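K.L.:
Please find the sequence and the predicted model below.
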Amino acid sequence: MTPTKDPDSDRAVIGIYPGTSYVFPFQVSIGIDPNIGGPSAGLMFSLAIYDTLTPGPLTGERSVAGTGTIDADGNVGSIGGIQQKIAGARDAGSELFLVPADNCADAEGAPNGSMRLAKVSTFEDARAAIETFAADKNAKLPTCSGK
């Protein structure tokens, strides 16, 4: 096998070159509002994709909002402006807001009104919180205060 130059460095490589892209065997298009920017919508985009690829509505027709970055392992990361995002979601009529665990201290005392706040650390935490809430809006959910 003949070594080739790694496109991201000057080193020689032999064999496969792993990457993070994928060529889909079908057309994929994503329509994103140009006003949405930055990584803080990563969790919600991931949940929307999951919802699209699985049967039935994930939210059970309830209004769910949230924020958080997401990495390749499904870990939810912190973001900026959590109190403003909570207030905006409340004003838009959301019933549940997903709070990244690392933003709990910043979310304390946020003006959430009757909108519930659920602490999430991973994609799976977020999915489980939504499914639990969709089945029973009064169900116990993980919270920042631990109550």
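P.N.:
Nice, I can see it. Numbers count the residues shown, from 1 in each chain.

K.L.:
centroid residue for the chain?
P.N.:
Nearest to the centroid of the C-alpha atoms of the chain, with distances taken as C-alpha atoms, centre = their mean, sits L43, at 0.8 Å.

K.L.:
thinking it is in contact with A65, fair?
P.N.:
No: between L43 and A65 there is no contact, the gap being 10.6 Å when judged by C-beta atoms under 8 Å. (C-beta placed from N, C-alpha, C; glycine too.)

K.L.:
Overlap in contacts, these two.
P.N.:
Between them, L43 and A65 share these contacting residues under C-beta atoms under 8 Å, 6 or more residues apart in numbering: L98.

K.L.:
so for stretch 74-91, what's the average pLDDT?
P.N.:
Across stretch 74-91, the average pLDDT comes to 96.

K.L.:
er, stretch 31-41 I mean
P.N.:
Taken as a whole, stretch 31-41 carries a mean pLDDT of 79.

K.L.:
all strands for this protein, in order.
P.N.:
Along the chain, the segments classed as strands by DSSP state E run 4-5, 12-13, 64-66, 69-70, 76-77, 96-100, 116-120.

K.L.:
right, so the ones you listed: which one is the most enclosed?
P.N.:
Each of those was given a mean neighbour count from mean count of other C-beta atoms under 10 Å, and the largest, a mean of 26, is that of strand 96-100.

K.L.:
so what strands line up beside it?
P.N.:
Based on DSSP bridges, the pairing partners of strand 96-100 within the sheet are strand 64-66 (parallel), strand 116-120 (parallel).

K.L.:
Great, nothing more from me.
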